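A.B. asks: Test case, fold it:
(chains A and B)
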Amino acid sequence: MNPLVRRVVRRSALFVVALVFIAALWEFYKVVGPEDGGALFGINILPRSNSRAMPHVWDMLSRYGRPELRSSERKIWRVVLAGAWFSLRLSLVGFAIGTTVGIALAILMARFKVVERGLLPYLVVSQTVPLIALAPLVVSWGGKLEVFGYEWPRWLSASVLGAFLAFFPVAVGTLRGLSSANPASLELMDSYAASWTQTLFRLRFPAAVPFMVPALKLAASSSVIGVVVAEISTGLRGGIGRLIIEYAREATGDPAKVFTAVFGAALLGLAMAGLVAAFDLCAMRNRPKEAL
Amino acid sequence: MKNRLLKRLAVGAVALSLVAAACGDDSDSGDSTADTTAATADTTATSDTTAAAAEECTEPTKVKLQLQWFIQAQFAGYFAAQDQGYYADQCLDVEIVEGGVDIVPQQQLADGAVDFALSWVPKALASREAGADIVNIAQVFQRSGTLQVSFKDKAITSAADFSGKKIGNWGFGNEFEIFAALTKAGLDPAKDVELVQQQFDMAALLAGDIDAAEAMTYNEYAQVLEAKNPDTGELYKPEDLNVVSYEAEGVGMLQDAIWASGAKLASDEAYKATAIKFVAASLKGWAYCRDNAESCRDIVVAKGSKLGASHQLWQMNEVNKLIWPAAGGVGAFDSAAWDRTAALAQETKNLEGKTVLTKAPDAAAYTSDIVTEALALLEADGVDTKGGSYAPVEVTLNEGGN
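C.D. replies: Numbers count the residues shown, from 1 in each chain, chains lettered A, B, ... in the order given. This next block holds a predicted model:
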């Protein structure tokens, strides 16, 4: 068997085993855990194990097979999948914007030391602004702002919030990567009288890839978080965030329902991480072993 | 070393001031965009009034209405007006904008993102006191729908029984009726009861974490009745519960009302004309929902509400009870209820000693002009605006509201 295929098979098998293990742990706690929660050292810390707080794994799974509402024909797995697909597209847009902005900033910062010193503190500050404070502001652009003659769509606001979280790791990681080129190689490029752009594309970027991949992984999950939080915060219809909050309202009567949406969000994160892993494989395939 | 630290501090200070300046710029540009949209709306509206005068509708006026939450029967009247073509009859093209966790409708209105917004009166008055130029043009809900729900064995039948109990409340300005009731019953909110911050659901009540939970008649109360009682294996029944209604306790504060921009009402005749038409069509929608609760439930479900059908019908019915019968006409202002709300908003202190308002709202905080003209339009149209013979329907809730 091809080693790549073997690796994929082994990883998927491990993933399934881990899932089964977590499910078993969940059910185990339901058996031994206190029905109404418990206190350790006077602090209420043990979660309740009753079925309203922790539905059985099979209840959650079977909930996927039943219709969302009694009045509708649509099974809940289709609704959740549709929601995840919607949010995935928003996350991808956010990820794309965030990555572009992040890499552009990193190039600027690597080119001009002054920019790095002036800009980097702002970037750090930007990440301390709470997303939920920003969300209503960005959402109110919808209907007020026009871009090239088109009205600013509400979903784009969610993507922008995803991008807002995603650009930071990309900018910092890429910057670190761009300055990681071997000094001897840089001198070699200098001796060829290579321009800065030539050095950038032939030497610095390839050297930066190992730093960019983990940054992109972070950015991928951040963009999902940004989009889901923005959906929850602003009530954007169609995505998984909206489903989570709508199903949470029914948690008293139908506790398994909200978990179906939460797992949908997890699936979304996995899909995004998978995309970056695929990029990783692509970008690193021709890399000589000693360069790693 | 020290020098570098100083430098960094200086950079930090500059950064902060720049951010502050940027924020300032932002709101300015926001205002100017709002102005331009207002100006465009102005021109279209003017051409529309002329069109309406000629009894035909070539280009409907675009109107945006901001809801407080997602699509649900609490807003059925507006969806019915849209679905039944009442807005179109008034030559309006209404876009109904859903709310969200962090969307403050009166703020969206003050920012110019929408033309009209729904909001509870105390919250909107607080925004008005803080400088938002918004005016209540129709008091749709005439009664308060807030309850305190508890299980029978806790024996809580009035606010006086809150003494020594764990009382759940939502906070975020939703707690003032509770405090008003406690004060009225002669209890000290800081000492005589244990106040517990409650999520916007009934989980804490069902789990026994709190003795009585804050609930809306049309939403959270139904959530209890849709949950299974683990002891009997059946749904909880109204007989299992005690309910304290803040309206009945005499401390109800006015809730859902339609708010408009004060500046535009004063300066823009076309906006005012649009407001009258919008209110008239919306109230006609509410009258439709009074007489056709099930049809309105279907309209709301078709709009994509994720709440179950029986929950939605329950909500429709309870919301109708808050609106109808409307002695002075639907949407009209009852000055006694208004004054009571304003007085409670000034007098009731929460745990931090804060009141909703620091001074009495000015007279311009609401205007009867719009709703009076709207009601005249509806009367001429033969719509029953008082609903004197209104009788609620019986709703059976299913598990999970399905």
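
A.B. asks: Smallest gap between chain A and chain B, at which residue?
C.D. replies: Closest residue of chain A to chain B, CB to the nearest CB: A:Gly235 (2.7 Å). From N, CA and C alone the C-beta is placed, and that goes for glycine too.

A.B. asks: Settle this for me: that residue is touching B:Gln108, isn't it.
C.D. replies: No - checked against CB atoms under 8 Å, the pair A:Gly235 and B:Gln108 is beyond contact range at 11.8 Å.

A.B. asks: in the stretch 201-350 of chain B, which spans are strands?
C.D. replies: For the stretch 201-350 of chain B, the strands identified by DSSP state E, counting those that start in this stretch occupy B:212-216, B:241-245, B:257-261, in order along the chain.

A.B. asks: and the second one, what does it pack onto?
C.D. replies: This points to strand B:241-245. Taking 3 or more CB pairs under 8 Å, 6 or more residues apart in numbering or on different chains; DSSP states H and E as contact, the helices and strands that strand B:241-245 lies on are strand B:146-151.

A.B. asks: where exactly do the helices run in chain A?
C.D. replies: Remark: helices assigned in chain A by DSSP state H are A:3-32, A:57-65, A:76-111, A:113-126, A:131-139, A:154-178, A:183-191, A:196-199, A:205-234, A:240-248, A:255-284.

A.B. asks: do you know which of those lies nearest B:Ile178?
C.D. replies: Comparing the helices of chain A against B:Ile178 with CB to CB, the closest turns out to be helix A:240-248 (23.5 Å).

A.B. asks: the inter-axis angle of the closest one versus helix A:154-178?
C.D. replies: Inter-element angle recorded for helix A:240-248 and helix A:154-178: 120 degrees (by axes from the mean of the first three to the mean of the last three CA atoms, to 10 degrees).

A.B. asks: need the residues of the stretch 101-250 of chain A near chain B, please.
C.D. replies: Where the stretch 101-250 of chain A comes near chain B, counting by CB under 8 Å from any CB of the partner chain, the residues are A:118, A:121-122, A:125, A:132, A:135-136, A:139-140, A:142-145, A:232-237, A:242-243, A:245-250.

A.B. asks: Domain map for the chain?
C.D. replies: By default, I'm working from chain A. With automatic domain parsing serving as the domain definition, the record reports that chain A contains domains spanning A:1-54, A:66-291.

A.B. asks: that's the wrong chain, I meant chain B
C.D. replies: Residue ranges of the domains in chain B are recorded as B:32-143+B:254-401, B:146-245, according to automatic domain parsing.

A.B. asks: I'd like these written out as CSV, with distance to A:Met60 and mean neighbour count added.
C.D. replies: CSV is the format used below for the domains of chain B (distance: least, CB to CB, whole Å; neighbours: other CB atoms under 10 Å in any protein chain shown):
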stretch, distance to A:Met60, mean neighbour count
domain B:32-143+B:254-401, 14, 20
domain B:146-245, 17, 19
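
A.B. asks: Quick one: those domains as a markdown table, columns for mean pLDDT too.
C.D. replies: What follows is those, written out as a markdown table (pLDDT from 0 to 100):
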| stretch | mean pLDDT |
| --- | --- |
| domain B:32-143+B:254-401 | 87 |
| domain B:146-245 | 90 |
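
A.B. asks: quick revisit: least confident of the helices of chain A, on average?
C.D. replies: The minimum mean pLDDT among the helices of chain A belongs to helix A:131-139 (a mean of 79).

A.B. asks: which helices and strands sit right next to that helix?
C.D. replies: Contacts defined by 3+ CB pairs under 8 Å, 6+ apart place helix A:131-139 against helix A:154-178, helix A:205-234.

A.B. asks: Spell out which parts of the stretch 151-300 of chain B neighbour chain A.
C.D. replies: By CB under 8 Å from any CB, the residues of the stretch 151-300 of chain B that approach chain A are B:200-203, B:206-208, B:223-224, B:226-228, B:230.
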